[in-house]
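Chemist: Using only what follows, build the 3D model:
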Amino acid sequence: MRKLLIFVCLLVLSSGMQAQKYYLTNQYAYDLFQVNPSAAAFEKNCISANAFYQKQWFGTELAPTTQILSFQMPVTGSMGSGTYVYNDRNGYFKEMGLHQAFSYEVLLTKKRKKRVTLSFGLAFMLEQTSLDQTSLVDPGYFDPIIDGSKEVGYGFNASAGAVLKYNDMHMGLAVTNLAPETNPMYKSPLEPPKAMDFHFHAGGSFKVADRDLYIEPLVMFRRNSLTDSRLDLNMKLYLPTPNPDFATWGLVSYRHNLDHQIGKSVGMAVTGGVVYKQFSMGLEYQLGLTTAQIDYGSNYQLILSYRICFNKKKGAIPCSKVRMNKKANYKFLGY
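Modeler: Next comes the predicted model:
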């Protein structure tokens with residue numbers, strides 16, 4: 001067990017600890033403002049709160065674990081706010097952070113069956129990182145990297161983005177890590193330089209015609225300015241029941257690395273859950289598809305959600321009206 005914990009810590013050190021910046025898997029499928037601040041308070045009629053608990057290697061001490069709390073609400077008719085706090089632990093490395101996003105929406109076109117808006121967003125991030133090496137010192141071995149100290153660092157950064165929304169379809173672009181590295185734990189010459197991330201996403205919400213099936217596809221492309229790029233495909237489904245207070249839902253996610261000629265499958269996740277009025281619960285299984293992930297196991301994640309709508313809507317499906325698009329075989333959702 002001790003060897004395993006030392007391996008985890010050394011793995012974090014050898015990777016420059018930058019991998020911790022991407023602990024988010026597909027939480028953005030529930031809170032898009034996590035990668036694009038312009039999406040804060042996408043639903044102008046509701047206040048929503050989400051909680052995520054992710055864990056790997058059950059039964060293993062100091063296994064990778066992440067907890068996230070997020071909160072979205074409209075501030076005015078045009079401005080929205082999105083907040084999340086997180087606590088991430090991987091062996092003896094810990095990171096806690098606060099992310100605050102603000103968005104502002106501009107109405108471009110409004111007709112009976114057409115509404116086009118453009119949103120802009122800005123977010124600020126605060127982080128505290130720590131690495132406790134006191135338990136890794138072994139009198140029988142000498143390693144210049146492990147000195148038995150406890151390091152603590154604080155950092156600040158920002159992100160910005162924009163989202164174009166046509167009825168219930170949207171596409172957006174966001175840039176993270178706008179500021180240079182401020183955390184002293186990452187300023188060593190051995191650490192890779194801070195790199196910007198560019199996120200492009202597109203998605204929407206619609207109801208299949210003549211079927212009680214609501215579909216929310218979401219495509220995400222991320223390009224790191226120094227290292228890698230990846231493509232995420234997400235499909236969220238809602239299935240109502242005869243009781244309007246109950247519904248079932250699911251999410252299927254797939255991640256593909258694009259660094260090579262044809263890329264490489266990185267991972268996928270399958271989630272199933274239930275909705276009762278404003279409360280939602282789901283359980284996700286994340287399957288890693290790389291060699292290391294297959295050998296060392298996959299993750300589980302618990303998702304809890306609660307929403308309060310100003311129109312006092314308490315049904316399981318959070319929409320107030322449905323508009324038929326005569327040019328396509330589906331119905332758009334109206335929020």
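Chemist: and stretch 170-187, how far out from the chain's middle?
Modeler: Mean-position distance between stretch 170-187 and its chain equals 15 Å (Cα atoms, centre = their mean, to the nearest Å).
Chemist: no no, stretch 29-37
Modeler: Its chain's average C-alpha position is 6 Å from that of stretch 29-37, according to Cα atoms, centre = their mean.
Chemist: partners of residue 231 in the sheet?
Modeler: residue 221, residue 256 (DSSP bridges).
Chemist: my read: it touches residue 259, true?
Modeler: No. The pair residue 231 and residue 259 does not pass the contact test of Cβ atoms under 8 Å, sitting 11.2 Å apart. From N, CA and C alone the C-beta is placed, and that goes for glycine too.
Chemist: The two: who's more crowded?
Modeler: A count of neighbours by other Cβ atoms under 10 Å puts residue 231 above the other of residue 231 and residue 259, at 17 against 11.
Chemist: and the more buried one, what is it in contact with?
Modeler: 219-221, 255-256, 258, 263 (Cβ atoms under 8 Å, 6 or more residues apart in numbering).
Chemist: residues contacting residue 232?
Modeler: With Cβ under 8 Å, 6+ apart, residue 232 has these contacts: 26, 218-222, 253-256.
Chemist: and if we set it to 10 Å?
Modeler: 25-26, 28-29, 35, 199, 201, 218-222, 253-256, 266-267 (Cβ atoms under 10 Å, 6 or more residues apart in numbering).
Chemist: Report the buried members of the residues you listed.
Modeler: By neighbour count, with 16 or more other Cβ atoms under 10 Å, those hold 25-26, 28-29, 35, 199, 201, 218, 220-222, 253-256, 266-267 as buried.
Chemist: Helices along this structure, start to end?
Modeler: 2-14, 291-296 (DSSP state H).
Chemist: Where does the prediction get shaky in the stretch 201-335 of the chain?
Modeler: Within the stretch 201-335 of the chain, the stretches with pLDDT under 70 are 260-262, 292-297, 312-315, 317-335.
Chemist: For it, which segments count as strands?
Modeler: 206-208, 214-224, 229-240, 246-257, 264-276, 279-288, 299-309, 321-324, 330-334 (DSSP state E, counting those that start in this stretch).
Chemist: Mind putting those strands into JSON lines with distance to residue 53?
Modeler: Below are the strands of the stretch 201-335 of the chain laid out as JSON lines (distance: least, Cβ to Cβ, whole Å):
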{"stretch": "strand 206-208", "distance to residue 53": "31"}
{"stretch": "strand 214-224", "distance to residue 53": "22"}
{"stretch": "strand 229-240", "distance to residue 53": "19"}
{"stretch": "strand 246-257", "distance to residue 53": "16"}
{"stretch": "strand 264-276", "distance to residue 53": "13"}
{"stretch": "strand 279-288", "distance to residue 53": "10"}
{"stretch": "strand 299-309", "distance to residue 53": "5"}
{"stretch": "strand 321-324", "distance to residue 53": "34"}
{"stretch": "strand 330-334", "distance to residue 53": "29"}
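Chemist: Quick one: closest of those strands to residue 108.
Modeler: When the strands of the stretch 201-335 of the chain are compared by Cβ to Cβ, strand 330-334 sits nearest residue 108, at 17.5 Å.
Chemist: picking up where we left off before, how about JSON lines for the contacts of residue 231, with distance to residue 300 added?
Modeler: Listed next are the contacts of residue 231 as JSON lines, based on distance: Cβ to Cβ, whole Å:
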{"residue": "219", "distance to residue 300": "25"}
{"residue": "220", "distance to residue 300": "22"}
{"residue": "221", "distance to residue 300": "27"}
{"residue": "255", "distance to residue 300": "17"}
{"residue": "256", "distance to residue 300": "22"}
{"residue": "258", "distance to residue 300": "27"}
{"residue": "263", "distance to residue 300": "26"}
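Chemist: Brilliant, that's me finished.
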